[in-house]
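Asker: build the 3D model from these lines:
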Amino acid sequence: MSDTSAKRLAGQVALITGASSGIGLGVALAMGAAGASVVVNYRSDAAAAQQVVEQIRRGGSQAVAIEADVSKEDEVQAMFRQAKEHFGTVHILVSNSGIQQDAPLIDMTLEQWQQVIDVNLTGQFLCAREAAREFIRRGIEPRLSKAAGKIICMSSVHETIPWAGHANYAASKGGLMLLMKSMAQELAHYKIRVNSIAPGAIKTPINQEAWETPEAADRLLKLIPYGRIGETEDIGKVAVWLASDEADYVHGTTLYVDGGMTLYPGFIGNG
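Answerer: I've put the predicted structure just below:
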């Protein structure tokens, strides 16, 4: 890869929510490696966020950590204000923050339902709204990008695959699918590109129980035709591509990064 392609986001500012760990961390590092200045959003772990900032800086890009709960309108608005004060604008939003509060439907509390919807769906709306306002205000900067801005929503294979015991999570991701498409339809004429990434099984703290032992990993691999569990770097690389001009004609779509999990592997050999 040439230096030009390696730094294909040079001069742009990327705001990554939930970037102190897991997929968000992987995306933040990948954006920095591609030359973007990175806003590392976090909700509670300031020390972890600062470690991400330092790692990005060691790679030669600028970064800053900003605390905000994406489910709170005032905190999201304050985060964007701080980002613009620090870097001048924002060109890329990767709306990654997500939580799980798992329970069988008949035992799920309203609080468990609401917390997941607030972060995973309302948080996506709040962040995308602020990003779109900034993109429209600033317009296209042709030397940096063909688009006025890029919004990347972090979804899940569970925007398609039902998930018993996780109704709140699956509902949030199914809702996100149509939120993304509706935003894409509405914002296209501003030259704002909106897409989603739908990870499958990725090694992160949120799902560590699903892969940390050989027995658990074997069970999980039965759901992945490609035969391996994903890494955060897999998602980071896709996010950088989606944010780059290489993907300028990609709009309103979900890219599944799942090793084939959405291919219904239970039907292998049962045709």
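Asker: when you work out contacts or count neighbours from here on, use the C-alpha atoms and nothing else.
Answerer: Noted.
Asker: pLDDT below threshold where in this structure?
Answerer: Per-residue confidence of the chain (counting by pLDDT under 70) places the weak regions at 1-5, 271.
Asker: have a look at the chain and report its longest helix.
Answerer: Once the chain is assigned using DSSP state H, the helix that runs over the most residues is helix 167-187.
Asker: quick check: what element follows that one along the chain?
Answerer: Heading C-terminal from helix 167-187, the first helix or strand you meet, by DSSP states H and E, is strand 192-199.
Asker: tell me how many other residues crowd Asp74.
Answerer: 12 (other C-alpha atoms under 10 Å).
Asker: ok, back up a step: quick one, the longest helix of the chain and strand 192-199 angle?
Answerer: Helix 167-187 and strand 192-199 are oriented at 160 degrees to each other (axes from the mean of the first three to the mean of the last three C-alpha atoms, to 10 degrees).
Asker: so which elements touch helix 167-187?
Answerer: Contact analysis of helix 167-187 by 3 or more C-alpha pairs under 8 Å, 6 or more residues apart in numbering; DSSP states H and E lists helix 110-117, helix 123-138, strand 192-199 as its packing neighbours.
Asker: report the angle between the longest one and helix 167-187.
Answerer: To tie it back to what came earlier, the one meant is helix 123-138. Interaxial angle, helix 123-138 versus helix 167-187 (the same axes, to 10 degrees): 20 degrees.
Asker: buried ones in helix 123-138?
Answerer: By neighbour count, and taking 16 or more other C-alpha atoms under 10 Å as the criterion, the buried residues in helix 123-138 are 123-132, 134-135.
Asker: and that helix, what other elements does it pack with?
Answerer: Helices and strands touching helix 123-138, by 3+ C-alpha pairs under 8 Å, 6+ apart, are helix 73-87, strand 92-95, strand 149-154, helix 167-187.
Asker: any chance of those in JSON lines, with distance to Ala239 too?
Answerer: As requested, the helices and strands packed on helix 123-138 are arranged in JSON lines below (distance: least, C-alpha to C-alpha, whole Å):
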{"stretch": "helix 73-87", "distance to Ala239": "20"}
{"stretch": "strand 92-95", "distance to Ala239": "8"}
{"stretch": "strand 149-154", "distance to Ala239": "7"}
{"stretch": "helix 167-187", "distance to Ala239": "15"}
